[in-house]
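S.K.: Sequence and computational prediction follow.
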Amino acid sequence: LPMRLAAVALLAGVLLWPSESNGFPHGDVDPARLREQVKRMFFTSFDHYMQHAFPQDELCPLTCSGRDTWGSFALTLVDSLDSLALLGNWTEFARAVHITLDTVHFDLDKNVSVFETNIRILGGLLSAHLLATQHLPATSYHGGLLALAVDVADRLLPAFATPTGIPFGTVNLRYGVPPGETRVTSLAGGGSHLLEFSVLTRLTRQPLYEQVARGAMRAIWARRSALGLVGNHINIWTGKWTLPEAGIGSNQDSFYEYLLKSYILFGTEEDLVMFQDFYTGIQQRMKSGDWYFDVNMHSGAPAMLWFTALGSFFPGLQTLFGDVPAAVRTMHAFHSVWRQYGFVPEALDLATNTVVNKFAGYFLRPEMAESLYYLHQATGDPIWVQMGREMVESIEEVCWTPCGYAVVEDVHTHKLGDRMESFFLSETLKYLYLLFDADNFINQGNYVFSTEGHFFDVQRMFELEQAVPVPLTRPDSAVELVRAGCPLKPLETEVALYGLHTAVPARSDAHPGRPADTFPHLRQLRTSCFKVQQPDEYWAYEVCFGKSVRQFHPIDKNLARFDQEVLLGVHDSHQAVRAAASLQEVAHIVAAVASDAPIPTATGLEGAQVIQHFYLHGDACVDESGETVTRGAVVRFACNASLPLSATAMQAKEVRTCYYDIYIESGLVCGTSTRKEEGRKEEGEGPRGRTHGL
């Protein structure tokens, strides 16, 4: 607890460590002038994006045009929302929020990066939603950004349906994981969802989001080497490392970042323990002087003697952890690269002190500005402001164009490229502005920044954690639109709905002609869903226990076509659907799943038909062949109207479409009769599984 309080206090700028100037010339620094210069840089870029590129993802500053990059969802606008608030332009923030609500949607047949969509889109929506609820009039904002956040998060969830729980790197926003998608993902891509998904859990009171993100983090932790290190890329199906080089830079950085920041933001001791272990391994195995190299995660042997631009975040993380003296020395070492080239190239070979071929660009990255900001907050030393001034001057002198700021393709020649990444507005200029604005509300409060620079209030997260759930009472404007078409039939009073009352428009998976029971993003969720319609009633219900309650207007009575959908809220029930299945019967099911044998029908589930089974992530164990397998399994059953089905919140008189899952954790998954018959020594602990609810 003292370390967490110290880190939170550091965010407010109240802890001061002595610093080392190392002979660096301070010069005259005028923070007020620099602050205004950075603000002009931001609005020059943002205005040109809105004029020449919106609603495409990014601005092309050399040609004054736009292009889609990460998903065709107005990326730069969403990524910049909280920057508008931080810069104090609340009028523009309010306008941008309403533009987002009017134009951004995720009903796209588009393959997107799970990692990038999470940190840029989901993080941007959540941060902006929290700001909007505090600073915009209640008459003008009704939670629409949160509805968008829930929508995009739900479309990312199918990526987590893997044997290890570590997500795929790509999903299709409409159809889930694309066929043939690679089963290899990076460390950062697999383990950097905890901040955004946990914030969403606290806002919606839906535990699934944090559970899948934390499950992925634990799965990676369970696969660390004996040296306490993890690699660069991992197979999400087998749990084997395909690239065992451990480092702090590309494809790895935000994994470590999220462990520490999650602890600061939510106070989960588990995250601190994991971070401390990894930090010790990094210091013992990767550090050489004030630099850090990639090493083999198993042997510790040096693998790549490169400094990378993405690794520039590390002094900032060290500062948050409280290792400020080490952070100061590392920052001076890293900044020497900036002074040598005027920028930080993507990669520098430290063995030869030369820029690595094909890695000579500077893409307006924020990591060095981020570390300067944290160090200035911790030490108060003006040297960090001086370094920040150098960054501003370099970017202004070389990267400025009449339509914004362009990336540098080569730090030797300063040749520009026709791209301006969204993180230039969401991170680089944000950290530089905060470096020069001591009185900013961020610097006066306690906020944690995501890896994309989106910020979350520590106190607000604590309040959400402690708050007592209350029924939904405030309708969203989208609900009013639905009510204008016909009366909205209320749910039974026993149904407890918690969180903000939001609504979403009809999606592609609810449009005419698409059967309701083929929703890809629902069928892949680890939850129990079924759809109910009373005879001759206008509304149909889809109840996903442990997830949500949705209310549909069906065009026909077979629930096959829909033209409206209203998200009513989150249903908070652990075992809302019940069926009789003994632990012995569940053990038989698990043993069959583990050995790929036919699934027996449990006595208590007569009338049900097994339609799907797959392994669920959980604690890992290793069999004698060295293979890492999981202890968890899930078996999905189909049911029909004759199957006894009771719900604590709702009685279904007529069930048209239904399926539900059994979740099991059992040592049986790690040791089956099949392995015994093959002559392998059985070391299982016997049946010690438990059902999680049906």
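M.R.: It's in. Numbers count the residues shown, from 1 in each chain.
S.K.: Is S288 bridged to anything, and to what?
M.R.: Residues in a beta bridge with S288, per DSSP bridges, are W291.
S.K.: Read off the pLDDT value for R675.
M.R.: Per-residue confidence for R675 comes out at a pLDDT of 28.
S.K.: Point out where the stretch 401-550 of the chain drops to low pLDDT.
M.R.: Low-confidence segments of the stretch 401-550 of the chain, defined by pLDDT under 70: 467-550.
S.K.: Next up, identify which helix or strand M274 is on.
M.R.: Using DSSP states H and E, M274 sits within helix 269-285.
S.K.: Alpha carbons of that helix, in PDB - could you do that?
M.R.: Presented in PDB, the C-alpha positions along helix 269-285 are these (Å, rounded to 0.1, in the frame of the first residue of the first chain):
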ATOM      1  CA  GLU A 269      -1.900  -6.700  -5.300                       C
ATOM      2  CA  GLU A 270      -1.500  -9.500  -7.800                       C
ATOM      3  CA  ASP A 271      -0.400  -7.000 -10.500                       C
ATOM      4  CA  LEU A 272       2.300  -5.500  -8.300                       C
ATOM      5  CA  VAL A 273       3.700  -8.900  -7.400                       C
ATOM      6  CA  MET A 274       4.000  -9.800 -11.100                       C
ATOM      7  CA  PHE A 275       5.500  -6.500 -12.000                       C
ATOM      8  CA  GLN A 276       8.100  -6.700  -9.200                       C
ATOM      9  CA  ASP A 277       9.200 -10.100 -10.400                       C
ATOM     10  CA  PHE A 278       9.500  -9.000 -14.000                       C
ATOM     11  CA  TYR A 279      11.300  -5.800 -13.000                       C
ATOM     12  CA  THR A 280      13.900  -7.800 -11.000                       C
ATOM     13  CA  GLY A 281      14.400 -10.100 -14.000                       C
ATOM     14  CA  ILE A 282      14.900  -7.100 -16.300                       C
ATOM     15  CA  GLN A 283      17.400  -5.500 -14.000                       C
ATOM     16  CA  GLN A 284      19.400  -8.700 -13.500                       C
ATOM     17  CA  ARG A 285      19.400 -10.000 -17.000                       C
END
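S.K.: Next, the buried residues of that helix.
M.R.: Within helix 269-285, the residues that qualify as buried by neighbour count (16 or more other C-beta atoms under 10 Å) are D271, L272, M274, F275, Q276, F278, Y279, G281, I282, R285. Any C-beta I mention is one placed from the backbone N, CA and C, and that applies to glycine too.
S.K.: same thing with stretch 432-446?
M.R.: Neighbour counts using 16+ other C-beta under 10 Å place L432, Y433, L434, L435, F436, D437, N440, I442, N443, G445, N446 of stretch 432-446 among the buried residues.
S.K.: measure Y374 to L187 for me?
M.R.: According to C-beta to C-beta, to the nearest Å, Y374 stands 22 Å off from L187.
S.K.: could the buried residues of stretch 432-446 be laid out in CSV, adding distance to P167 and secondary structure?
M.R.: Converted to CSV, these look like this (distance: C-beta to C-beta, whole Å; DSSP: H, G, I helix; E, B strand; the rest coil):
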residue, distance to P167, secondary structure
L432, 32, helix
Y433, 33, helix
L434, 31, helix
L435, 34, helix
F436, 38, coil
D437, 37, coil
N440, 35, coil
I442, 30, coil
N443, 34, coil
G445, 32, coil
N446, 30, coil
